[in-house]
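1. Have a look at this prediction, sequence included:
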Amino acid sequence: MSEFVELVDRYVRLRLEEFIAPVVWREGGNLFETLVAVVLSQNTSDKNAFKAFQNLKKRLGSITPESLRGISLGELEELIKPAGMYRQRARYLKALADAFITLEITPEKLVKMGADAARKLLMGLPGVGRKTADVVLVNLGLPAFPVDTHITRIAKRWGVGSRYEDISRWFMEQLQKERCLEFHLKLIQFGRDICKARKPRCEECPIGERCPSFKGRG
DNA sequence: GGCCAGGTGTAAA
DNA sequence: TTTACACATGGC
């Protein structure tokens, strides 16, 4: 593990009990529910995504392709409205439910396919891009490292690279695959707390002068 | 009031 | 292959 990754690990206090993270973190067993949670969290604050997810959960009980099919598009839109972009995402979720049923997608099937084939299949589904597909893969224990906006920013500052593929590969080289989900979440927390978009709090950062972007700040 | 939030799909250069 | 933009609510 690189020094950078170790320092992040030592610093970050993950608040896993909050917001959307626990859905993905703890309930990785239910593939479809995880996917719904991730779609709701796309470019959305955790609080808003969690509100939408809870609305859906309360209404459906267990979120499955079948239960999601059982409600109208209009009702779905109302339920997930707090997450924003609700018309677009309601359509995606409906289409995802249909695809899961038609293609008979199961966790076992995806695991058996392997990361590359499973990613390709998932990315062919509406509303599922590279990042969302990788979150699903890493939840299934397949080798993947999802790269979000925070991680991209941190990786750029560290000179790791700026392209999704390069950043993802670099972190996978630093980590055992069992720890990819954990570090994905830790880095996001690190980005929110310290290495922020607008004002990086370099003074509070444990990496300090060792960070390539420290120069000229503080 | 402006910026940002665990992106994706589409279109145009 | 890269860039721009729509999608949209809610917190700070």
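-> Looks like it came in fine.
2. Tell me where the model's unsure across chain A.
-> Residue ranges of chain A with pLDDT under 70: A:1, A:14-29, A:215-218.
3. residue closest to the middle of it?
-> Centroid check for chain A by Cα atoms, centre = their mean gives A:Val135 as the closest residue, at 5.0 Å.
4. DNA strand C contacts on chain A?
-> A:43-45, A:47-48, A:51, A:81-89 (Cβ under 7 Å from any atom of the strand). For glycine as for every other residue, the C-beta is placed from the backbone atoms N, C-alpha and C.
5. Contacts only, for A:Ala52.
-> A:40, A:79-83, A:86 (Cβ atoms under 8 Å, 6 or more residues apart in numbering).
6. is it true that A:Arg192 touches A:Asp148?
-> No: if you go by Cβ atoms under 8 Å, A:Arg192 and A:Asp148 don't touch, sitting 10.8 Å apart.
7. the more surrounded of the two?
-> Set A:Arg192 next to A:Asp148 and count neighbours by other Cβ atoms under 10 Å: A:Asp148 wins out with 18 against 14.
8. residues touching the more buried one, list them.
-> Contacts of A:Asp148 (Cβ under 8 Å, 6+ apart): A:131, A:184, A:188.
9. Report the buried residues of the one helix or strand the last one maps to.
-> In this structure, A:Ile188 is located in helix A:180-193 according to DSSP states H and E. Residues of helix A:180-193 classed as buried by neighbour count (16 or more other Cβ atoms under 10 Å): A:180-191.
10. And stretch A:112-128, by the same measure?
-> So, applying 16+ other Cβ under 10 Å, buried residues of stretch A:112-128: A:115, A:118-119, A:121-122, A:125, A:127-128.
11. Out of those residues, which two sit at the greatest distance?
-> Farthest-apart pair in the buried residues of stretch A:112-128 is A:Ala115 and A:Gly127; separation 20.1 Å (Cβ to Cβ).
12. From A:Gly114, how far off is the nearest residue in space to A:Ala49 that is not next to it in sequence?
-> Excluding its sequence neighbours, the residue lying closest to A:Ala49 (Cβ to Cβ, 6 or more residues apart in numbering) is A:Ser41, at 4.1 Å. Distance, A:Ser41 to A:Gly114, by Cβ to Cβ, to the nearest Å: 26 Å.
13. Ok, A:Gln189 next?
-> A:Gln189 is 30 Å from A:Gly114, by Cβ to Cβ.
14. what residues are up against the closest residue to A:Gly161 other than its chain neighbours?
-> Spatially, and ignoring its direct neighbours in sequence, A:Gly161 is nearest to A:Ile167 (5.4 Å; Cβ to Cβ, 6+ apart). Applying Cβ under 8 Å, 6+ apart to A:Ile167 gives the contacts A:145, A:147, A:151-152, A:155, A:160-161.
15. If you count neighbours, what's buried in the host helix or strand of A:Ile167?
-> Using DSSP H and E, A:Ile167 sits within helix A:164-174. Within helix A:164-174, the residues that qualify as buried are A:164, A:167-168, A:170-172, A:174, counting by 16+ other Cβ under 10 Å.
16. domain parsing for chain A?
-> A:3-14+A:145-210, A:21-139 (automatic domain parsing).
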